[in-house]
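S.K.: Structure for the following, please:
(one chain, ligands or ions: 1)
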Amino acid sequence: MRYTGLIENYRDRLPVDDSTRIISLGEGNTPLIRLENIPATLGKDVDIYIKYEGLNPTGSFKDRGMTLAVTKAVESGSKAIICASTGNTSASAAAYAARAGIKAFVLIPEGKIALGKLAQAMIHGAVIIQIKGNFDDGMRLVKEVADHAPVSIVNSINPYRLQGQKTAAFEIIEELGDAPDYHCLPVGNAGNISAHWMGYKEYHEDGKAAKTPKMVGYQAAGSAPFVKGEMIDEPETIATAIRIGHPQNWDLAHTVEKESNGWFDALTDEEILAVQKLLTEKEGIFCEPASAISLAGAMRDIKSGKIAEGSTIVCTLTGHGLKDPDTAIAQCKDAMITINPVMDEVREAILNNM
Ligand code: F0G
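M.R.: Numbering: from 1, shown residues only. Down below sits the predicted model:
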């Protein structure tokens, strides 16, 4: 049967009915890839799977939530959506609004969003409002303006976003036959970790999984309010997607931590970039920096024994590497050889680099 997106696929578990006009780009159904080379380097017996959410239509997990948020906005008669974004939400909102034939307004922090994401929001025709401030300023403004203008908020404070995103947990359980022991994710606003936990709990309660995983959330060291235990006013990290100091789902995420027996931890930008590169070189999988933090954290916790040997671990790669070409290229400055157009020089380049 033709796959037509996650709302159709999980219709009975999502708040739609037969008359709902579904706004979909075929999101969801992303690959769960078993790592073949990296686990052996850890000296521990573990099974690591990557949930490659970068393969959603706009290149990030946001599409799972956006399909439902925009579907419901349109159903309620809304003619415009609005979001604050570090980039991916704006790209997704712009695309789904285009599909629906409504307007998207996106508030982004000036100079702090990756090139690919900006290109996406622009080409889909969103109205882009740059703020001389950070994501948290944008979020505050979006909440304020929504009371004064006819726009629906599609950030993860919109409950439909989380409902859509919970389907990633369903897919994982269906493929593995059960929940993993640990599920590791990057954390910004903590919408996605909360959504996954909803999905795992729902399938467990319905007998589709024998267990639920420990949920582990990783943050960039300069933007780690959950690790510090308090909000941060000037978040900083190269992983701009998660450059957030005032997470919107603060209470939800703490409930997830407690209920799942999980934890939060932080990694430096250097640790994040090293694992982003390792994953591309050892497994052929390219993700953006924020996404690499899930595997970087898992690897560290596997090595230390905090994640138990014999475990099955799923790491979500939230966004595609092509989102942020600048950061990728900056890591590979010496990766090019320039030659004259003669065979001898090509051969030499090959033999010198075998
Ligand atoms: N990874 C990527 C690639 C993201 O873009 C985001 C959030 C996260 C992880 C964190 O997810 O907020 O649910 O904890 N990006 C938002 C945006 C903030 O505007 O695109 P979270």
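S.K.: From now on I want contacts and neighbour counts done on CA atoms only, so please keep to that.
M.R.: Noted.
S.K.: Look up how far residue 326 lies from residue 107.
M.R.: Distance, residue 107 to residue 326, by Cα to Cα, to the nearest Å: 22 Å.
S.K.: same check, this time on residue 343
M.R.: Per Cα to Cα, residue 343 is found 31 Å from residue 326.
S.K.: Point out the residues in this protein that sit beside the ligand.
M.R.: Residues of the chain lying close to the ligand (Cα under 6 Å from any ligand atom) are 85-89, 186-192, 241-242, 290-291, 318-319.
S.K.: Contact partners for residue 293?
M.R.: By Cα atoms under 8 Å, 6 or more residues apart in numbering, the contact list for residue 293 reads 185-186, 218-220, 267, 271-272, 275-276.
S.K.: likewise residue 85?
M.R.: With contact taken as Cα under 8 Å, 6+ apart, residue 85 is in contact with 106-109, 135, 138-139, 155.
S.K.: Local confidence estimate at the residue nearest in space to the middle of the chain?
M.R.: Of all residues in the chain, the one closest to the mean position by Cα atoms, centre = their mean is residue 318, 2.6 Å from it. In the predicted model, residue 318 carries a pLDDT score of 98.
S.K.: Near residue 125, how many other residues are there?
M.R.: A count of nearby residues for residue 125, using other Cα atoms under 10 Å, gives 15.
S.K.: what do you get for residue 322?
M.R.: 18.
S.K.: Equivalent analysis for residue 271, please.
M.R.: 17.
S.K.: got a list of what it touches?
M.R.: Contacts of residue 271 by Cα under 8 Å, 6+ apart are 293, 296.
S.K.: Just after the helix or strand residue 255 falls within, pick out the following helix or strand.
M.R.: Taking DSSP states H and E as the criterion, residue 255 maps to helix 250-260. Going down the chain from helix 250-260, the next helix or strand is strand 263-267, by DSSP H and E.
S.K.: Can you give me the buried ones in the helix or strand just after that following strand?
M.R.: Where DSSP H and E defines the elements, the next helix or strand beyond strand 263-267 is helix 269-283. Using 16 or more other Cα atoms under 10 Å as the test for burial, helix 269-283 gives 269, 271-273, 275-279.
S.K.: In space, what's closest to residue 55 - neighbours in sequence excluded?
M.R.: Using Cα to Cα, 6 or more residues apart in numbering and skipping the chain neighbours, the partner closest in space to residue 55 is residue 30 (6.2 Å).
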